[in-house]
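Trainee: Quick one, what's the 3D model for this:
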Amino acid sequence: MSSNKVSIFLTGATGYIGGSVLQRLLAHPNANNFEITALVRSAEKAKILNSQFGVKTVLGSLQDNEKLTQLVAAILRGLKQRRENTGDVPHFIHTSGTGEFIDDARGESVSEKVYSDLDIPTIEALPPSAPHRPVDLLVVAADAEGGYARTHIVMPSIVYGVATGPLVDAGVTNPHTIIVPIFVRGALRRGSVGVLDKGASRWGNVHIDDLADLYIRLLDAILEDPEKVSHGREGYFFADNGELSMREVLPSIADSLFALGRVSTRELVPYAPGEAGQYLVNEVLAGFLFTHSRTKGERARRELGWAPKHTAQDFLDGLRGEVEVLVGKEDAKAST
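Mentor: Numbering: from 1, shown residues only. Model (predicted):
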C-alpha cells in the first residue's frame, strides 16, 4: 500500500450502512493513513464526528438534491474534475440494492429466477426503469464510457441486525435497518401484523456486520491492486447469505409483539385490497416489500474472499430483541 494518504469521501455517514462502514474505517489497521471526510446534515453530529473521532465533515443533505440521481451526478462531476486536475483515476463505491431485481408476483408463488452478479448480460438486460437502475447506469457509464473513474456497485439484499459500536454509542449513527421498523410501526398502529396476498415472496438477506466487512474488503483490494478488482460494467457485488420469505419473517415479528401485548393476535392478518399502503408507508412500498428478489452474490466471495458469518436463521433469531428495542423507542417518542 502506498505511503500517501488515502482520501475517502463518505455519504450516509450517520445512517445504518454508512455509519457501520465508517466505524470499520476508523478501526482499520491503516486508519492513520486515511483522510476521511463525511457528508452530514446535522451540525451537532458533525461536531461529534470531528471532535471525538477526527472525521472531517461537510454539512449538507440528500434533501439538498431532490433526487438521488442528481446527487450521484454531482459526485461523478466532481470525480471527473478531480481526474482532470490531478491525472489520478479515483474509485467510486456506490450503494445500490437487489431491489433492482424484483418481480411483480406479490408473493403468490416462489419465483424460480435467481440473479448472479457474475451474469452481466442478464443484469444489463434489465429495463432502465427498474428500481435503482437509473442511478446504476450513470455510475457504470462514468467508468465504461467516461473513463474518469473506476466504479464499483455494492448491492445489498435485506440488511438486518442492530448496529453497535462507538458511533452508535455517541448517538451519531442509526443502529436499525429500514424494513423491520416499517413492519413494527405498521403493526402497532393496526393492532396486528398484516400480510399481502400469500406472503410467499423471497428476498436474500445479509447481516450489517457482514455487509460492512464486504465494503472494507473491497476498499482493501482496491488499495492493494486495483487492476485485480472488477469495475464498470463488471463491477457489481451482490451482498447476500441466504434468503427468507415474508411468511417466515412476519410471524417472528408478530410473536414478539404479541408477547409484549402490543397486537391482538400472533396470527398474520391479511391486508384488505388497498389497505397495506396505510400501514407500510404507502402502496408502492407495500407492494415492493411483498415481491421476489432472489440473488446469488458470487463476485465478492471469489474476488475479495468475503465469507459472511451470519445466516438467515440469525435474522429470525434476532428479531425478538430488535422488536423490543423498537417498541421501546416508539413508546418514548409517543410520550414526548
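
Trainee: what about the residue nearest to S245 when sequence neighbours are not counted, how many neighbours?
Mentor: Once flanking residues are discounted, S245 sits nearest to R202: 4.8 Å by Cβ to Cβ, 6 or more residues apart in numbering. For the C-beta atoms, the positions are set from N, CA and C on the backbone; glycine is no exception. The number of residues packed near R202 is 20, by other Cβ atoms under 10 Å.

Trainee: ok, now R133?
Mentor: When neighbours are defined as other Cβ under 10 Å, R133 has 17 of them.

Trainee: So L326 sits against I179, correct?
Mentor: No - contact between L326 and I179 fails when scored by Cβ atoms under 8 Å: they sit 11.5 Å apart.

Trainee: any idea how far A149 lies from R83?
Mentor: Distance, A149 to R83, using Cβ to Cβ, to the nearest Å: 7 Å.

Trainee: Need the overlap of contacts for these two.
Mentor: Shared contacts of A149 and R83, defined by Cβ atoms under 8 Å, 6 or more residues apart in numbering, are found at V89, P90.

Trainee: So which of those two has more stuff around it?
Mentor: A149 (22 against 17).

Trainee: which helices and strands does the worst-scoring helix or strand of the chain on mean pLDDT pack with?
Mentor: Least confident helix or strand, the chain: helix 68-86 with a mean of 82, by mean pLDDT, DSSP states H and E. For helix 68-86, the packing partners by 3 or more Cβ pairs under 8 Å, 6 or more residues apart in numbering; DSSP states H and E come out as strand 91-95, helix 133-141.

Trainee: try 6 Å this time
Mentor: Applying 3 or more Cβ pairs under 6 Å, 6 or more residues apart in numbering; DSSP states H and E, one finds that helix 68-86 contacts helix 133-141.

Trainee: on contacts alone, who are the packing partners of the helix it packs on?
Mentor: In terms of contacts (3+ Cβ pairs under 6 Å, 6+ apart), helix 133-141 is packed against helix 68-86, strand 150-156.

Trainee: Name the stretch among these that sits most buried.
Mentor: Mean neighbour count, computed with mean count of other Cβ atoms under 10 Å, is highest for strand 150-156 among those, reaching a mean of 24.

Trainee: what's around V21, how many residues?
Mentor: When neighbours are defined as other Cβ under 10 Å, V21 has 27 of them.

Trainee: host element of it?
Mentor: Using DSSP states H and E, V21 maps to helix 16-26.

Trainee: going on from that helix, what's the next piece of helix or strand?
Mentor: Next helix or strand after helix 16-26 toward the C-terminus (DSSP H and E): strand 34-40.

Trainee: what's the first helix or strand past that next one going along the chain in contact with?
Mentor: Note on strand 34-40: by DSSP H and E, the next helix or strand toward the C-terminus is helix 43-53. Contacts with helix 43-53, where a contact means Cβ atoms under 6 Å, 6 or more residues apart in numbering, come from T14, L26, V40, V55, T57, L59, A170, V172.

Trainee: Assign a three-state SS to A212, would you?
Mentor: At A212 the chain is in helix, as set by DSSP: H, G, I helix; E, B strand; the rest coil.

Trainee: Mind exporting the C-alpha coordinates of the least confident helix or strand of the chain to PDB?
Mentor: In PDB, the C-alpha atoms belonging to helix 68-86 read as follows (Å, rounded to 0.1, in the frame of the first residue of the first chain):
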ATOM      1  CA  LEU A  68     -30.600  10.600  -5.800                       C
ATOM      2  CA  THR A  69     -29.700  10.700  -9.500                       C
ATOM      3  CA  GLN A  70     -28.900  14.400  -9.100                       C
ATOM      4  CA  LEU A  71     -26.700  13.700  -6.100                       C
ATOM      5  CA  VAL A  72     -24.800  10.900  -7.800                       C
ATOM      6  CA  ALA A  73     -24.400  13.000 -11.000                       C
ATOM      7  CA  ALA A  74     -22.900  15.800  -8.900                       C
ATOM      8  CA  ILE A  75     -20.500  13.400  -7.300                       C
ATOM      9  CA  LEU A  76     -19.500  12.000 -10.700                       C
ATOM     10  CA  ARG A  77     -18.900  15.500 -12.000                       C
ATOM     11  CA  GLY A  78     -16.600  16.100  -9.000                       C
ATOM     12  CA  LEU A  79     -14.700  12.900  -9.800                       C
ATOM     13  CA  LYS A  80     -14.300  13.900 -13.400                       C
ATOM     14  CA  GLN A  81     -12.900  17.300 -12.300                       C
ATOM     15  CA  ARG A  82     -10.500  15.500  -9.900                       C
ATOM     16  CA  ARG A  83      -9.300  13.300 -12.700                       C
ATOM     17  CA  GLU A  84      -8.700  16.300 -15.000                       C
ATOM     18  CA  ASN A  85      -6.900  18.300 -12.200                       C
ATOM     19  CA  THR A  86      -4.700  15.500 -10.800                       C
END
